[in-house]
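Participant: requesting a structural model of the entry that follows:
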Amino acid sequence: MRLLLDTHVLIWWWTDRRLLPDTVDSMIESGADQIFVSSVSAWEIATKARLGKLPQLLPYLDRYEAAVADADFRQLNLTMRHGLHAGAYEALHRDPFDRMLAAQAELEGLVLVTRDPAFITFPCETLWHKPLLSEQGLAYRG
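Facilitator: Sure, this is the predicted structure:
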């Protein structure tokens, strides 16, 4: 399974993995098939750190790319195709970070690992510890 980490999942992976369900932590730890981190998460983390909402992540900003690589995660860069798709969503959810992550997950065939219920309004596959609906007991279609 190819996974795309939502920003809060990446943050918790780095700062307090106890916040992740054991199933999610294990999948990330094992590397699943491939784990992706979007450039959108870099933008979101830098923005929120600048605004004082994520001061614990300031040490990661200078070595963000290295921290992603050290975790054996793959970078997923934002493309014009992603931007156009995110902007075209009919979903009422206005968060630009979420819209971009949903578009990337959908277009790249990735399962978005998130706790955020807002993603059920987007046509991307998501994974979290509940509800356990698929045959694997982990994924549900949003």
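
Participant: CA only for contacts and neighbour counts going forward, please
Facilitator: Fine.

Participant: burial measure for the nearest residue to A67 once chain neighbours are set aside, as a count.
Facilitator: On the basis of Cα to Cα, 6 or more residues apart in numbering, the spatially nearest residue to A67 that is not a chain neighbour turns out to be Y60, at 7.2 Å. By the criterion of other Cα atoms under 10 Å, Y60 has 16 neighbours.

Participant: which stretches of the protein have low pLDDT?
Facilitator: Residue ranges of the chain with pLDDT under 70: 32, 129-142.

Participant: which residues in it form strands?
Facilitator: 2-5, 34-38, 74-76, 111-113, 125-127, 139-141 (DSSP state E).

Participant: could you export the ones you listed as a markdown table, including distance to R94?
Facilitator: Supplementary listing: those in a markdown table, determined by distance: least, Cα to Cα, whole Å:
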| stretch | distance to R94 |
| --- | --- |
| strand 2-5 | 19 |
| strand 34-38 | 18 |
| strand 74-76 | 22 |
| strand 111-113 | 18 |
| strand 125-127 | 18 |
| strand 139-141 | 20 |
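
Participant: want to try TSV for the ones you listed, with distance to R99 and mean neighbour count as columns?
Facilitator: Converted to TSV, the strands of the chain look like this (distance: least, Cα to Cα, whole Å; neighbours: other Cα atoms under 10 Å):
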stretch	distance to R99	mean neighbour count
strand 2-5	14	24
strand 34-38	12	21
strand 74-76	15	16
strand 111-113	12	25
strand 125-127	13	24
strand 139-141	16	18
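
Participant: ok, which of the ones you listed comes nearest E65?
Facilitator: For those, distance to E65 was read as Cα to Cα. The smallest value, 8.3 Å, belongs to strand 74-76.

Participant: same for the closest one, what does it pack against?
Facilitator: In terms of contact count using 3 or more Cα pairs under 8 Å, 6 or more residues apart in numbering; DSSP states H and E, strand 74-76 is assigned the packing partners strand 34-38.

Participant: only the C-alpha atoms, please, for the strand it packs on, written as PDB.
Facilitator: This file holds the C-alpha atoms of strand 34-38, laid out as PDB (Å, rounded to 0.1, in the frame of the first residue of the first chain):
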ATOM      1  CA  GLN A  34       6.000   3.400   0.000                       C
ATOM      2  CA  ILE A  35       5.500   6.400   2.300                       C
ATOM      3  CA  PHE A  36       5.100   9.800   0.800                       C
ATOM      4  CA  VAL A  37       5.300  13.300   2.300                       C
ATOM      5  CA  SER A  38       3.900  16.100   0.300                       C
END
